[in-house]
Structures are given as C-alpha cells and as structure tokens.
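Chemist: Okay, here's the prediction I keep looking at, along with the sequence it came from:
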Amino acid sequence: MTKRLYLEDLRVGQRLRSASVTITAQDIIRFARDSDPQYFHLDEEAAKDSMFGGLVASGWQTGALSVKLLIDSADPPFAGGLVGVEAHIAWKLPVRPGDSLRVEAEVTRIVRPRRYADRGFVSMDMATYNQRGEVVLTQSVTVVAFRDPARAGVSSNGATAIPGSFSGN
C-alpha cells in the first residue's frame, strides 16, 4: 500500500513548498480557449491594447496551477486528494508567458469535528510567487483531510466510537 498524507500527519504551522512550473503563451491560449475566452488571454497582438499591455494568463489558470503545484508538492500525496470546501482568492499581479510559478502554503487551522469520524478540515494560507519572488496570487483555503483509519478508530463503514456531533469548533 502506498503511503498517504492523513489529517493526523498535519499540524498548525506546517509549511509546504512546491517546485516551480513555467507557463508558456501556448499554455495560456489553450486554457483560455477552453475556459476563459477573453482577448487578452487569447491573442498576443490584441492583448497589447488591453490594460495588461500584453498576453496574460487567466486568473483561474493561475489558481488551478497553484492547486496542482500544491498537490504535486505533497510527498506522500494527500489521502483522498485535495477536496476544497471554502476559498478566498486574490489576484495580485498578472502572470505572463515565461513566468515560473511556485507555491508556499502554511497550515493555519485544523478542525476535527466529532460529527465526521473519517475526516476533518484543514485551513491553509497559500501564496503563489513568480520567478522574481513577487506574489501573483494569494488564497486562504479550507480543504477536507481524511483521517487514517488505523490511527483514528474509524471502521470501514465510517462508524466510530466517538459520540456526539459537530460543535462548530
């Protein structure tokens, strides 16, 4: 069985750092065609007349790449994937062709609700940086983190010996 990262493996203050990825004009245009077809994401020449002065990546592409970088940086990988339940996103600077992005995240809160024996919730503050060390995107996210059945007392059907319900804490 492959090792997985569970709720019990995480702690407040824990930091995750990703490798980097370089975004190309072709990457930007391909994403824009499928998901955000605005001229400053699609056409290098027309984008020169935009408020950006040139081709820029969709903010949604920057956010998706940030999540991918976070997922790829987890070694071992998150058990059950990274399932988001809440996010606050702020786009700080445009991402341009040739920019290399990396992510740093810090665990800020862990909630283990009694209502859910098999999972908890982890809040993280994330920042995506370009190759110049400039913040291009910030995210405050809450994700589901699954509990390790071997350490949490969870049966295969999700039942637990812990009575009670989520108290909101």
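Modeler: Ah, there it is.
Chemist: Below-threshold pLDDT in this structure: ranges please.
Modeler: 1-2, 152-169 (pLDDT under 70).
Chemist: What helix or strand is Leu65 located in?
Modeler: helix 59-73 (DSSP states H and E).
Chemist: buried ones in that helix?
Modeler: Gly59, Gln61, Thr62, Gly63, Leu65, Ser66, Val67, Leu69, Leu70, Ser73 (16 or more other C-beta atoms under 10 Å). To be clear about C-beta, it is placed using only N, CA and C from the backbone, and glycine gets the same treatment.
Chemist: cool, and stretch 49-57?
Modeler: Quick answer for stretch 49-57 (16+ other C-beta under 10 Å): Ser50, Leu55, Val56, Ala57.
Chemist: Quick check: the farthest pair among those?
Modeler: The two members of the buried residues of stretch 49-57 with the most space between them (C-beta to C-beta) are Ser50 and Ala57, at 13.0 Å.
Chemist: ok, back up a step: can you give the distance from the helix holding Leu65 to the centre of its chain?
Modeler: Chain-centre distance of helix 59-73: 6 Å, with C-alpha atoms, centre = their mean, to the nearest Å.
Chemist: following that helix, which helix or strand comes up?
Modeler: strand 83-91.
Chemist: For that following strand, list the C-alpha coordinates in PDB.
Modeler: Written as PDB, here are the backbone C-alpha positions of strand 83-91 (Å, rounded to 0.1, in the frame of the first residue of the first chain):
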ATOM      1  CA  VAL A  83     -11.100  18.500  -1.800                       C
ATOM      2  CA  GLY A  84     -11.800  22.200  -1.300                       C
ATOM      3  CA  VAL A  85     -14.700  23.400   0.800                       C
ATOM      4  CA  GLU A  86     -14.000  27.100   1.000                       C
ATOM      5  CA  ALA A  87     -11.600  29.600  -0.500                       C
ATOM      6  CA  HIS A  88     -10.800  33.300  -0.600                       C
ATOM      7  CA  ILE A  89      -8.700  34.200  -3.700                       C
ATOM      8  CA  ALA A  90      -6.900  37.400  -4.500                       C
ATOM      9  CA  TRP A  91      -5.100  38.100  -7.800                       C
END
